[in-house]
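Student: what shape does this take:
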Amino acid sequence: MKRILTVALILVFGFSYSQTNFEKGMDKAFELWSAKQLDQAENLFERIANAEKDNWLPHYYIAQINSLKSWNVKDETVLKAQLDKAQEHLNTAMALSKNNPELLVMQGQVYTNWIAFDGRTYGMKYAAKVTELYNEAYNIDSQNPRVVMCKADWAMGSAKYFGQDTAPYCKDLQAAIPLFETYEPESDYHPNWGKGRLQEIVKSCE
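Tutor: Model prediction:
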C-alpha cells in the first residue's frame, strides 16, 4: 500500500511539474509575441510542442504566427516556407484535436494567405475550401466569435469581389460583437484573439 501511494505521489508531482513548465513556457512565448519578437516566440512554441506531444495548442500558435507573417510577403519562396510550416503544424494539431473550430478557422486563414498572395493562381484552388471550412466550424460552434467573424468577413470579401451587396454580412459581423463579450476560453492559453480585428472590419461597414 505504501509503495502504491509513493508511486501515485510521484506521478502527481511529475504531472504538476510538467504543467508548471508548460504554463511558464506558454507565458514566456506570449510575452515574446507581445514584444513583436515573433521568431523567438515561434521557436519557444516549437520547444513546447516537442515536449507536450499530445497538446494541440503550441502547434496552433506556430501556424498562426506563420500565417500572420505571410500577409504582406511578396517573395513566393519565403511565403511557401512559412505557409508550409503553418500547414505542417496545423495537420499535427488537427490529428490531436478532431472537429476543432479554432483549427478550422486557422486553416481558413492559411488558405486565405495563399489567395491574398495570388488570387488568380490560388483562388480556384482554395476559395471554395475556405467557405466550407467556415461553414463546418459554424456548424460545430455557432457561438465562437472567431468563427462568426471570419465566416462573415470571408463572405463579405467575396461579395465585394463579385460586386454584390455586403450589407447582410455587416449585420453578421455586428452579431459577433456580443459573442466576444461573453466568450470564455477554456484556459488562459486557448485562442482568444479577434476582437480588435472585428472592430476594424465593422468600421469599414459604416
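Student: which of the residues in whichever strand or helix holds residue 132 are buried?
Tutor: For residue 132, the host element (DSSP states H and E) is helix 119-140. Within helix 119-140, the residues that count as buried by 16 or more other CB atoms under 10 Å are 122, 126, 127, 130, 133, 134, 136, 137, 138. C-beta coordinates here come from the backbone N, C-alpha and C atoms, glycine included.
Student: isn't the fourth one right up against residue 113?
Tutor: In other words, residue 130. No. The criterion here is CB atoms under 8 Å, and residue 130 misses it with residue 113 at 10.5 Å.
Student: mind saving the C-alpha coords of the helix holding residue 132 as CSV?
Tutor: The C-alpha trace of helix 119-140 is given here as CSV (Å, rounded to 0.1, in the frame of the first residue of the first chain):
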residue,chain,number,x,y,z
GLY,A,119,-5.8,35.2,-56.3
ARG,A,120,-5.6,34.1,-59.9
THR,A,121,-3.5,31.1,-59.1
TYR,A,122,-4.8,30.1,-55.7
GLY,A,123,-8.4,31.4,-55.7
MET,A,124,-9.8,28.5,-57.8
LYS,A,125,-7.9,26.0,-55.6
TYR,A,126,-8.8,27.3,-52.1
ALA,A,127,-11.7,29.7,-52.2
ALA,A,128,-14.4,27.1,-52.0
LYS,A,129,-12.5,25.2,-49.3
VAL,A,130,-12.3,28.4,-47.2
THR,A,131,-16.1,28.7,-47.4
GLU,A,132,-16.5,25.0,-46.5
LEU,A,133,-14.2,25.3,-43.5
TYR,A,134,-16.0,28.3,-42.0
ASN,A,135,-19.4,26.6,-42.6
GLU,A,136,-18.1,23.5,-40.9
ALA,A,137,-16.7,25.5,-38.0
TYR,A,138,-20.0,27.3,-37.6
ASN,A,139,-22.0,24.1,-37.5
ILE,A,140,-19.7,22.9,-34.7
